[in-house]
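**Q** test case, fold it:
(2 chains)
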Amino acid sequence: MNHSTSTAGIVSGRLNANALVENFDDLHAPLSKHEALVASDRCYFCHDAPCMTACPTSIDIPLFIRQISTGTAEASAKTIFSQNILGGMCARVCPTETLCEEVCVREVSEGKPVEIGRLQRFATDRLMSQNIHPFVRANNTDKKIAIIGSGPAGLACAHKLATYGHDVTIFEARKKGGGLNEFGIATYKSINDFAQKELDWLLSIGGIKVEYDKAIGKDISLSQVQSDYDAVFIGMGLSGVNALRCEGENMANVDDAVTFISDLRQTENLSKVQVGRNIVVIGGGMTAVDAAVQSKLLGAQNVSLVYRRGKENMSASVYEQELATSKGVRIIYNAQPLKVLVNGSGLDVEFGYTETINGKLEQTGEKFNINADQVFKAIGQNLSGASEILTLSGGKIQIDENGCTSVPNVWAGGDCATGGDDLTVTAVAEGRDAAININTMLLS
Amino acid sequence: MADLTSNFVGIKSPNPFWLASAPPTDKEYNVRRAFEAGWGGVVWKTLGSEGPPVVNVNGPRYGVVHGADRRVLGLNNIELITDRDLYKNLDEIKRVKIDYPDRAIIVSLMVPCEEEAWKAILPLVEETGADGIELNFGCPHGMAERGMGAAVGQVPEYIEMVTRWCKQYYSKPVIVKLTPNITDVRQPAAAAQAGGADAVSLINTINSIISVDLDVMAPNPTIDGKGTHGGYCGPAVKPIAMNMVAEIARDPETSGLPISGIGGITNWRDAAEYMVLGCGNVQVCTAAMTYGFKIVEEMISGLSQWMDEKGHTSIDDFVGRAVPNVTDWQYLNLNYVSKASINQDDCINCGRCYAACEDTSHQAIAMTKDREFSVIDSECVACNLCVEVCPVENCITMVQQEPGMVDARTNKVVEKEHGDWTTHPNNPSVFAAE
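**A** The predicted structure is shown next:
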């Protein structure tokens, strides 16, 4: 049976297989060698470069670009990985337009930055495709460290600790590692199973054991690992999804955007993924954009992304917003869901327009309805299943500047912990820095 | 509209852009196409004596120094003079000249350093109707080992002798092409002049190893595992060639000797620079070998626009105009003081000026936490390095300190009068003479 973008209801196969493959291909094609040489030549090799300061992991960007320009992409990759072991994924998913590339002096002067993200991908791909792991593990220290979660923070922490010669055990709640890299990123940003390949490559340092299906608070307890190991790092992410807090949100086909994104990433066959003809996504972050764009790429006819505040407040960057609109997503600003209603075989979402008065979001009283077969909630995630012995702050595990929690010998980082943006690259930095501190503490 | 007509030692051409003796002028087919493209003249690729022609290698002949995006910055070659039969070349020259009477055709020659050899070939060239000859005393590879090319060009006495033979057995202008592979280019130029040369042309290519193949462990271009030095040309040699041109143009002994400028001329501006340094016309090769014959259109339109803008109506208006301003270091005004100045509106905060000055010069640029860069006048010696490393043209400029101002570095008042090394108190010879 052939479906099209205008088939009513929630169906799979709205687009033919070729169109789907094309739609979910690399968002940014990798640079060829020549393109990389030309792109690298644009770097001015700035003194105390602003891009480097803007990078949460402080990668020496001018140096790695110069290494590409002189034909040593492998050395370049080592420069990147020495600061950010997930430099391959970050090259794909970092919002470079709000980080390194935003402050590139060529962006400031010409509106056209050096293509740092794509160059980083060129170098890291080059090394990883040769299956070279550029670091060696130090002699075994007999110190044992437990890591909760195999997302970017946990992996960065684990790898750093492994280089010091410590024995690392990662407890992962799911059947597969990678965290958001594996489950939470739009498919077209990480094609060809890159997250798993990167995970395997990272683990090839040795000294890291991953135990799958081990959820903290369920299969294992924090107090147990705390007594069994010399140190614990928690990088468990945010597994809960925030509620809309509006009438009808528990109805069928009102789904979590993260689940939709995760299912898409895990599918073997995009032709089998169902999507509604009319989609409403509620939220203003990267998850909302990823869900909206991918709905469109699957063949949804009408996709509306509704955000309660203005364009400038949206946490998804202007670049991401433009990506969404270029794919045909309609973004509606300043509107809040009031209730979800049944409308025939589908749904209707009633929205109220908002305005910000004296910094406070207020309803204007004006309302409108959008018809939807599916509604995706993307208004943020929350911490779920954290041990009650940990002190929380603003719903996250409270940590100090070294990543230490309120509990001795327990560190935390990434989205589950306070501080920093909820970005892959920030999680990597936090995991890495916690590892450095753990090592210092263990050896003192 | 400016008149680009060129009259170089009596040889007329519609513009001053000639193709140099090289592969582009190797045969009738190329030269006809060059003329159709608009070139004012060609120097036909060097002819040798009658008999079996020379042979070239059958592996690679060229190597290149690339800039960004594989821009050709420097080219070297190990090709020899024409490997085609002498009479075939002469027939072709004659035919082309008949069809293009308004264009200049110069025949480049290289025969053994014996009077009989020159006496034999010159009447044959005369018979073609070509406008003149250019003596190839410059080719640095292959022929020099046989006592020709640069082997002659490096011995002023030979230059003078051969030039004299040519003037004796040939009626039209004789241009002597000089090699740069010598210490003082004025000596071969003076020798050519003494032999009666109508003009000199320079430079020929520079001895070079363009690059080394680190896998084969041999110079490029590599022929069966070995390489040899070649002749270097292209944009990279322009500064070296222009200095040699200027040396000849301003030396009292050789000043006034017509010069045809050669070396990395790629666009109209390069040509204009050579010409204001004393060249009556210019010869081009690498640019044509990189981009094809069409570039001459840009050279013509560019030179024409510049001449119009500057009010030059003919070539003669500006040839040699910069020569009086080329001087020796000792005559530079030491009382002229300038300081670098950074335009904050244009600054893109890259910090290259800071890195260059702080690490390698005079620590005369300050940097704030907010990445604002400014010049410390009390340290600035006006070296110009920051100006040149700044990616933004004219963001950093050199500002003259007016006479009467105090130089913050030396705490001395800037003097109005000229004062150079010849009168400077630190110059031992100033007092030795007293």
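**Q** any idea how far A:S262 lies from chain B?
**A** 42 Å (Cβ to the nearest Cβ, to the nearest Å). Every residue, glycine included, has its C-beta placed from N, CA and C.
**Q** just give me the neighbour total for A:Q381.
**A** Counted with other Cβ atoms under 10 Å in any protein chain shown, the neighbours of A:Q381 add up to 22.
**Q** domains in the chain, as residue ranges please.
**A** Here I'm looking at chain A. Structural domains assigned to chain A are A:33-129, A:144-239+A:383-443, A:242-380, following automatic domain parsing.
**Q** that's the wrong chain, I wanted chain B
**A** B:6-325, B:330-432.
**Q** can you say which of the ones you listed is packed in most?
**A** domain B:6-325 (a mean of 20; mean count of other Cβ atoms under 10 Å in any protein chain shown).
**Q** before we move on, back to that, for chain A, find the nearest of the domains of chain B.
**A** Proximity to chain A (Cβ to the nearest Cβ) singles out domain B:330-432 among the domains of chain B, at 3.1 Å.
**Q** quick one: average confidence on the closest one?
**A** Rounded to a whole number, the mean pLDDT of domain B:330-432 is 96.
**Q** my read: A:L392 touches A:S384, true?
**A** No - using Cβ atoms under 8 Å, A:L392 makes no contact with A:S384, being 11.9 Å away.
**Q** settle it for me: which of those two has more neighbours?
**A** A:L392 (16 against 13).
**Q** phi and psi next, for the more buried one.
**A** phi -110, psi 160 (degrees, to the nearest 10).
**Q** so what's it closest to, chain neighbours aside?
**A** A:Q398 (6.1 Å; Cβ to Cβ, 6 or more residues apart in numbering or on different chains).
**Q** count the neighbours of that neighbour for me.
**A** So A:Q398, with other Cβ under 10 Å, has 16 neighbours.
**Q** model confidence score at it, please.
**A** 96.
**Q** circling back to that earlier point, can you put the domains of chain A in a markdown table and add distance to B:V42?
**A** Below are these laid out as a markdown table (distance: least, Cβ to Cβ, whole Å):
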| stretch | distance to B:V42 |
| --- | --- |
| domain A:33-129 | 35 |
| domain A:144-239+A:383-443 | 56 |
| domain A:242-380 | 54 |
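**Q** out of these, which gets nearest to B:S260?
**A** Nearest of the domains of chain A to B:S260, taken as Cβ to Cβ: domain A:33-129 at 35.2 Å.
**Q** now do the SS call for B:V200.
**A** strand (DSSP: H, G, I helix; E, B strand; the rest coil).
**Q** what about A:Q196, neighbour count?
**A** Residues near A:Q196, counting by other Cβ under 10 Å: 15.
**Q** let me see the contact set for B:A246.
**A** B:L277, B:G278, B:V323, B:V326 (Cβ atoms under 8 Å, 6 or more residues apart in numbering or on different chains).
**Q** could you identify the most distant pair in these?
**A** B:G278 and B:V326 (9.0 Å).
**Q** okay, and the common contacts of the two?
**A** With Cβ under 8 Å, 6+ apart, B:G278 and B:V326 have common neighbours B:A246, B:A249, B:R250.
**Q** mind listing which of those are in helices?
**A** Counting by DSSP state H, the shared contacts of B:G278 and B:V326 place B:A246, B:A249, B:R250 in helices.
**Q** nearest to A:D213 among those?
**A** Distances from A:D213 to those, taken by Cβ to Cβ, are shortest for B:A246, at 80.9 Å.
**Q** and that closest one, what pLDDT?
**A** Reported pLDDT for B:A246: 98.
**Q** so which bits of the stretch 101-250 of chain B are right by chain A?
**A** Taking Cβ under 8 Å from any Cβ of the partner chain, no part of the stretch 101-250 of chain B reaches chain A.
**Q** can you tell me the SS state at residue 81?
**A** Since you didn't name a chain, this refers to chain A. Per three-state DSSP, A:F81 ends up helix.
**Q** try the one 4 residues further on
**A** Put simply, A:I85 is coil when judged by three-state DSSP.
**Q** return the member of the shared contacts of B:G278 and B:V326 nearest to B:M161.
**A** Nearest member of those to B:M161, counting by Cβ to Cβ, is B:A249, at 24.7 Å.
**Q** for B:E157, which of the domains of chain A is the nearest?
**A** Here domain A:33-129 is closest among the domains of chain A (Cβ to Cβ), at 47.8 Å.
**Q** which bits of the stretch 1-150 of chain A sit near chain B?
**A** So the stretch 1-150 of chain A meets chain B at A:34, A:37-38, A:41, A:44-50, A:105-106, A:108-109 (Cβ under 8 Å from any Cβ).
**Q** among those, which are in strands?
**A** When DSSP state E is applied, the residues of the stretch 1-150 of chain A next to chain B are split such that none fall in strands.
**Q** quick one on the thing from earlier: could you export the domains of chain B as a markdown table, including distance to A:G352?
**A** A markdown table is the format used below for the domains of chain B (distance: least, Cβ to Cβ, whole Å):
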| stretch | distance to A:G352 |
| --- | --- |
| domain B:6-325 | 55 |
| domain B:330-432 | 44 |
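**Q** give the residue farthest from the middle of chain A.
**A** Distance from the centre of chain A peaks at A:G344, with 36.5 Å (Cα atoms, centre = their mean).
**Q** what about that one, distance to chain B?
**A** 58 Å.
**Q** could you do A:D219 as well?
**A** The value you get for A:D219 to chain B, if Cβ to the nearest Cβ is used, is 50 Å.
**Q** count of neighbours near the residue nearest to that residue when sequence neighbours are not counted?
**A** Spatial nearest neighbour of A:D219, excluding adjacent residues (Cβ to Cβ, 6+ apart): A:D213 at 6.9 Å. By other Cβ under 10 Å, 12 other residues sit near A:D213.
**Q** what are the ranges of the strands in the stretch 1-150 of chain A?
**A** Under the criterion DSSP state E, counting those that start in this stretch, strands of the stretch 1-150 of chain A are mapped to A:10-12, A:144-148.
**Q** can I get the ones you listed in TSV including mean pLDDT and mean neighbour count?
**A** Compiled in TSV, the strands of the stretch 1-150 of chain A are given as follows (pLDDT from 0 to 100; neighbours: other Cβ atoms under 10 Å in any protein chain shown):
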stretch	mean pLDDT	mean neighbour count
strand A:10-12	96	17
strand A:144-148	98	26
